[in-house]
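Chemist: Here is my input; please provide its structure:
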Amino acid sequence: MAAIRIGNASGFYGDRFAAVREMLTGGPLDVLTGDYLAELTMLILGRDRLKDPGLGYAKTFLRQMEESLGLAMERGVKVVTNAGGLNP
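Modeler: Here you go, the predicted model:
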């Protein structure tokens, strides 16, 4: 059975922005995960959604992907996240 190399770039909304790129360039990687459903994150996403029903997701994740999605694709890294939060 072949090993799968998994890296994680976040544990809550507000983790280091550079973590996605660092994980993608730090060595061999098959899957990159991001977790955005910590209690504090859910509070922030809920407040965002109250202000604007179109919000409720981790906006920083989108900016990270704008910067790094091409690199993930080039390296064949799958991205798995729950950044949709309250507005998947």
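
Chemist: So which residues of the chain form strands?
Modeler: Remark: strands of the chain, listed N- to C-terminal, are 6-8, 31-34, 78-81; assignment by DSSP state E.

Chemist: Now do M73 against L24, distance only.
Modeler: Spatial separation of M73 from L24 under the definition CB to CB, to the nearest Å is 10 Å. C-beta: built from backbone N, CA, C; applies to glycine.

Chemist: more neighbours, these two?
Modeler: For M73 against L24, the residue with the higher neighbour count under other CB atoms under 10 Å is L24, and the figures read 21 against 11.

Chemist: Wait, that one touches G70, no?
Modeler: No: here L24 lies out of contact with G70, judged by CB atoms under 8 Å, at a distance of 10.0 Å.

Chemist: Look up the closest residue to the most centrally placed residue in the chain, ignoring the ones flanking it.
Modeler: In the chain, the centroid-proximal residue (CA atoms, centre = their mean) is G34; its distance is 3.9 Å. Here the nearest residue to G34 in space, its sequence neighbours aside, is T81; by CB to CB, 6 or more residues apart in numbering that works out to 3.8 Å.
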